[in-house]
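J.: Would you be able to build a 3D model of this:
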Amino acid sequence: MKRATRHLAALLISSAVLTSGAMAVAQAADVVVVQNGGITQEAHRKAMWEPAAKALGFTFEEDTSQSWTEGKAQVDAGAVTWDIVSLNMGEVQLAVDADVLTKLPADIVDRNDFLPGSVSDYCVGNTVFSTLIAYNTEKFGDAGPANFAEFWDTEKFPGKRAMFRSPRGNMEAAALALGTPQADVYKFLSTEEGRKAALDKIAELKDHVVWFDSGAQSTQLLTDGQVDLIYGWNGRIIAAIDAGAPFKINYKDGLLDVDCYAVLKGAPHVDNAIKFVSEISKAQYVKDLPKYVAYGSPNLKANESYDEATLARLTTSPENVKDQYTTDFAFWGQYGTTLSEAFDLMLASN
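T.: Below you'll find the predicted structure:
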């Protein structure tokens with residue numbers, strides 16, 4: 001749910017982020033944890049951080065960031081104030097290649113309890129979400145876009161679309177809009193011709209798009225009625241629906257994804273951070289995440305306690321997951337940087 005290279009400026013202003021005040025905060029707490037703000041951060045605090053800190057006898061401080069590159073600025077300056085950061089599993093290899101993350105103990109969690117691919121040597125999955133289509137029922141009734149070809153059809157479905165200002169998810173959506181079968185999306189995007197075609201397809205739509213930079217902003221766009229359609233994160237869309245926004249989700253071709261917790265290299269409390277990541281990843285905490293936001297956990301043991309009403313709101317329920325597909329994290333590890341640069345150039349061009 002974060003940009004891979006959007007915060008290039010953060011790499012150049014380490015003196016601004018490494019103030020004496022920030023250093024004091026880092027030293028005052030037992031661990032400093034960073035999330036991407038809004039209802040997701042609030043949900044993690046209530047469901048995971050607070051009870052886990054109590055169990056460990058820890059105090060924690062928290063901060064907000066939209067990109068792991070802000071942590072890279074601290075690592076590069078040799079004055080790290082954060083301990084734990086949340087990033088997308090598809091960004092992990094980029095951060096490892098940049099020498100930003102601490103390698104975690106092999107036994108930090110039992111990988112058998114987690115969704116395949118949601119735990120790596122450097123990051124432990126904390127949230128499962130989907131990027132998917134939703135539409136305004138007051139404008140379209142129950143007959144909103146049935147697929148991405150229709151999401152791109154501005155004559156049949158006029159109105160502004162909200163989309164994340166990133167190639168992540170949008171490249172896959174564009175491939176589907178071009179008629180690529182779901183099973184072949186990453187095969188198509190692994191070719192230079194496919195990537196160019198997908199970027200060109202996004203460029204066709206950009207005059208009809210309101211780009212958002214955070215989950216909180218995407219929710220606000222729906223509750224304020226600024227857009228009629230969205231390709232966004234299920235938890236943020238459901239938050240808007242809960243607040244009264246007249247939107248309906250279409251789970252077909254939803255893109256399943258995972259965010260994870262990692263420990264920065266040179267973190268001021270690295271041992272505490274590893275203990276905290278291990279603790280907050282337990283089912284006894286993550287099972288409560290859906291009480292605060294409509295996201296599930298990669299820890300499969302958490303699902304054992306959910307009733308039908310809870311499952312219906314989760315993108316990973318048997319009914320909702322059947323027409324979705326999973327993000328190829330290796331693809332984004334390989335092409336994330338170059339696609340972010342190409343995406344930015346596409347947006348800047350006329």
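J.: so who does the residue nearest to Lys160 when sequence neighbours are not counted touch?
T.: Of all residues not flanking Lys160 in the chain, Val227 sits nearest, at 4.5 Å (C-beta to C-beta, 6 or more residues apart in numbering). For glycine as for every other residue, the C-beta is placed from the backbone atoms N, C-alpha and C. Val227 makes contact with Asn136, Gly159, Lys160, Arg161, Ala162, Val210, Leu221 under the criterion C-beta atoms under 8 Å, 6 or more residues apart in numbering.
J.: In a markdown table: the residues you listed, plus neighbour count.
T.: Output for the contacts of Val227, formatted as a markdown table (neighbours: other C-beta atoms under 10 Å):
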| residue | neighbour count |
| --- | --- |
| Asn136 | 20 |
| Gly159 | 13 |
| Lys160 | 16 |
| Arg161 | 24 |
| Ala162 | 24 |
| Val210 | 15 |
| Leu221 | 22 |
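J.: Sort out which one of the residues you listed lies nearest Gly38 for me.
T.: Leu221 (13.0 Å; C-beta to C-beta).
J.: my read: the closest one touches Phe212, true?
T.: Yes - with contacts counted by C-beta atoms under 8 Å, Leu221 reaches Phe212, the gap being 6.2 Å.
J.: Overlap in contacts, the two.
T.: Shared contacts of Leu221 and Phe212 (C-beta under 8 Å, 6+ apart): Ala162.
J.: Restricted to strands, list the contacts of Val227.
T.: Members of those lying in strands (criterion: DSSP state E): Asn136, Arg161, Ala162, Val210.
J.: tell me the secondary structure for Ala134?
T.: Here Ala134 is recorded as strand under DSSP: H, G, I helix; E, B strand; the rest coil.
J.: closest to Phe60 among the ones in strands among the contacts of Val227?
T.: Closest to Phe60 out of those is Ala162 (32.7 Å), distances taken as C-beta to C-beta.
J.: ok so the residue nearest to Lys160 is a strand residue?
T.: No - remark: Val227 does not belong to a strand; assigned using three-state DSSP, it is coil.
J.: In this structure Leu339 contacts Glu172, no?
T.: No - here Leu339 lies out of contact with Glu172, judged by C-beta under 8 Å, at a distance of 11.1 Å.
J.: circling back to that earlier point, of all pairs in the contacts of Val227, which one is the farthest apart?
T.: Asn136 and Val210 (13.3 Å).
J.: what are the bridge partners for Asn88, then?
T.: Per DSSP bridges, the residues bridged to Asn88 are Asp259.
J.: surely it meets Asp259?
T.: Yes - judged on C-beta under 8 Å, Asn88 makes contact with Asp259 at a distance of 5.5 Å.
J.: Helices along the stretch 151-300 of the chain, start to end?
T.: For the stretch 151-300 of the chain, applying DSSP state H, counting those that start in this stretch gives helices covering 170-177, 185-189, 192-205, 215-223, 234-242, 270-280, 283-286.
J.: Tell me where the model's unsure across this protein.
T.: For the chain, residues meeting the criterion pLDDT under 70 lie at 1-27.
J.: circling back: what would the contacts of Val227 look like in TSV with distance to Trp233?
T.: Shown next, in TSV, are those (distance: C-beta to C-beta, whole Å):
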residue	distance to Trp233
Asn136	17
Gly159	20
Lys160	18
Arg161	15
Ala162	11
Val210	15
Leu221	12
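J.: tell me which of these is nearest to Thr191?
T.: Proximity of the contacts of Val227 to Thr191 (C-beta to C-beta) peaks at Arg161, which lies at 26.4 Å.
J.: OK, contacts around Glu193?
T.: Under the criterion of C-beta under 8 Å, 6+ apart, Glu193 has no neighbours.
J.: nearest spatial neighbour of Leu180, skipping sequence neighbours?
T.: Not quite, residue 180 is Thr, not Leu. Per C-beta to C-beta, 6+ apart, closest to Thr180 is Phe188, 4.6 Å.
J.: quick one: contacts of stretch 210-220?
T.: By C-beta under 8 Å, 6+ apart, stretch 210-220 touches 1, 3, 6, 36-40, 66, 160-165, 221, 226-227, 230, 232-233, 235-237, 239-240, 243, 347.
J.: related to what we said a few turns ago, report how many residues lie close to the residue nearest to Thr180.
T.: Phe188: 21 surrounding residues under other C-beta atoms under 10 Å.
J.: quick one: Val33 is in a helix?
T.: No - using three-state DSSP, the assignment for Val33 is strand, not a helix.
J.: residues near the residue nearest to it when sequence neighbours are not counted, how many?
T.: Spatial nearest neighbour of Val33, chain neighbours left out: Ile84 (4.3 Å); criterion: C-beta to C-beta, 6+ apart. Other residues near Ile84 number 28, with proximity taken as other C-beta under 10 Å.
J.: surely Ile84 meets Val277?
T.: Yes - between Ile84 and Val277 a contact is recorded at 6.2 Å, counting by C-beta under 8 Å.
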